[in-house]
Every structure is written in C-alpha cells, then in structure tokens.
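# sequence first, predicted model second:
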Number of protein chains: 2
Amino acid sequence: MHAFDVLGDPVRRRILELLADGEHSAGEVAAVVQDEFGVTQSAVSQHLKVLRDAGFATARVDGSRRIYAIEAAPMQAVDAWLDRFRGFWGHRLEALATEVARGKKRRGD
Amino acid sequence: MHAFDVLGDPVRRRILELLADGEHSAGEVAAVVQDEFGVTQSAVSQHLKVLRDAGFATARVDGSRRIYAIEAAPMQAVDAWLDRFRGFWGHRLEALATEVARGKKRRGD
DNA sequence: CTCATATTTTAGAATGTACTTATATAAGTC
DNA sequence: GACTTATATAAGTACATTCTAAAATATGAG
C-alpha cells in the first residue's frame, strides 16, 4: 500500500497524531479512536497493522501489551515528494532559506 | 474527497507532477498518462475532474481545449499537516532554521 | 489449570473508487 | 451543414478498502 493511501484514512491519520506525541499501547490508541470515531477495537487493530506493514509504525511487545511507536521514513518520503511543489506556496522555511542565502552573500560568509 | 485520498492515486500524482512543470491542456496530460499508465482518455478526464473538485487544479477554456493549472492550497494543507511530524526526521530546512536561530543568538541580531 | 485481559486474525458484508464503453457537447475546418 | 477534434459525462462493472462479529493467540493472576 502506497504511503499516500495509508494517509488517506482519517483513523490512521489520527493514530499517527497520537503516536507523534509518544509511544502508546494498542489499547490506549484503540480507546481514543473508539471514542472519537465509534469503531470497534478490531478495526483499530487492523489499522495498526496497515501502519506496521507500510512502515509508519513499529510495535514492541511488553507483557501482554503491544507498544506502538511512530516511524519517520515513509512520512519523510511523502514530504520529499512535496518538495517539487513547495515553490508554489512560498513555504515559510524555504523563504527563510532564501533570506539566509541573501544574508550570507551580503556578509560574505 | 480528502486531500490525502486525492493524492492516493498514482495517476493523479503524475498529473500533478506534470502540472507542476507548467500549464497543460487536458489532451497533453491525457497523452502522457495514457502512454505511461495505459488508461483511456475518459479515465484521465475523470481524474482531472477529481483534481478540480478537490481544488488541486483549475481549468480555463481556450478554444476547444481546456488548459489546466496547478493550485497550491490543498497541497499546502497536506504540508501543514506534516509539520507535527517533522521533528522525527531532522528536516533539512528545520535544521537550517535551528542553525539560523543559534547564529542570531550568538551575534545578538 | 482456569479465567480474565490485551491484541490479532479471519470471514463476510457494505461501500467506494477507478476503470471501460458509449454518448454528449462544444469548437474548429471545409 | 457535415465532419473532425477536444473534452466531458453517464452507465455499468470490477476490485479494493473498511467495517463488524466471531474466533484465535498470548500473557498474567489466582
């Protein structure tokens, strides 16, 4: 499944947001998602599998629980694909880079 | 359709790449996509409609042709969503921003 | 060993997306 | 007006995704 397809699902995006905040057990993730989206724990588990398979998350066993952590690589790939379009909206950081380059030239660093 | 779903399709991503290079008529886009993906002109037209409806592209009439142009906003929104994950992979521009901040401090700008 | 908890997996139904073919619309050419 | 070119839309089908319900697996507690 392509990275963009993975990110196409709102439940999965929400899970990634949760994991961006730090590690969480499958149960913790499920609790939040069940509350917010009204789906079963099983559905959440299936989404976690998709995230694992696509490399967006890893799980380590801790007793009877699975602790999930976010994995950067696929999201970084998405970010890289966006590079070619950044010129169209004057990204604040691109703007900064330009400014820095100008400053360096002026100062002769 | 959510921006990420729009980007989930490889044909649509390719079309956006083509438009990133400059304006193109529907026919020009269709020619490339038909060649690369082996789908009909109709399919390409349907994808162009999805891109229009989701705000990723605009079309203006030029005689019997429609000239398509890329539109930044939705892609920018995607980029903004990625912001919260950038910390995980030391984005080159984030790194630059950090460096600049440090330099400013040192110099007392 | 038995029971409860945490999580995944399987099976099947519902839905949505992307495609092809066929048809429609509009502009340009003779 | 007839014909061609450019593009879109309609109808129907195929396939993939997402969900629930049910069953399986594994750990921990008593």
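Yes, it's here. What you are looking at is a predicted structure, and each value in this text was computed from that prediction instead of being measured.

# alpha carbons only for contacts and neighbour counts from here, please
Will do.

# residues near A:Ala73, how many?
A:Ala73 has 14 neighbouring residues, counting by other C-alpha atoms under 10 Å in any protein chain shown.

# check the one 3 residues further on too.
The burial metric for A:Gln76, expressed as a neighbour count using other C-alpha under 10 Å, is 19.

# so it versus A:Ala101, what's the distance?
As judged by C-alpha to C-alpha, to the nearest Å, A:Gln76 and A:Ala101 stand 24 Å apart.

# again with A:His91
Distance from A:His91 to A:Ala101, by C-alpha to C-alpha: 15 Å.

# ok, A:Arg86 next?
Taken as C-alpha to C-alpha, the span from A:Arg86 to A:Ala101 is 17 Å.

# show me which of those two is the more surrounded one.
Using other C-alpha under 10 Å as the criterion, A:Arg86 and A:Ala101 rank with A:Arg86 on top: 18 against 13.

# distance of that one relative to DNA strand C?
Look at A:Arg86 and DNA strand C: by C-alpha to the nearest atom of the strand, to the nearest Å, they are 23 Å apart.

# now swap in A:Ile67 and tell me
6 Å.

# likewise for A:Ala57?
Counting by C-alpha to the nearest atom of the strand, the gap from A:Ala57 to DNA strand C is 11 Å.

# so what's that residue bridging to?
Assessed by DSSP bridges, A:Ala57 has beta-bridge partners A:Ile70.

# state the number of residues packed around it.
A:Ala57: 21 neighbours (other C-alpha under 10 Å).

# same check on A:Asp83?
A:Asp83: 11 neighbours (other C-alpha under 10 Å).

# what are the phi and psi values at it?
phi -50, psi -50 (degrees, to the nearest 10).

# pLDDT at it, what is it?
Note on A:Asp83: pLDDT of 91.

# A:Ala95 too?
We have a pLDDT of 70 for A:Ala95.

# check A:Asp79 too.
On the pLDDT scale, A:Asp79 gets 93.

# which residues touch it?
A:Asp79 makes contacts with B:79, B:82, as judged by C-alpha atoms under 8 Å, 6 or more residues apart in numbering or on different chains.
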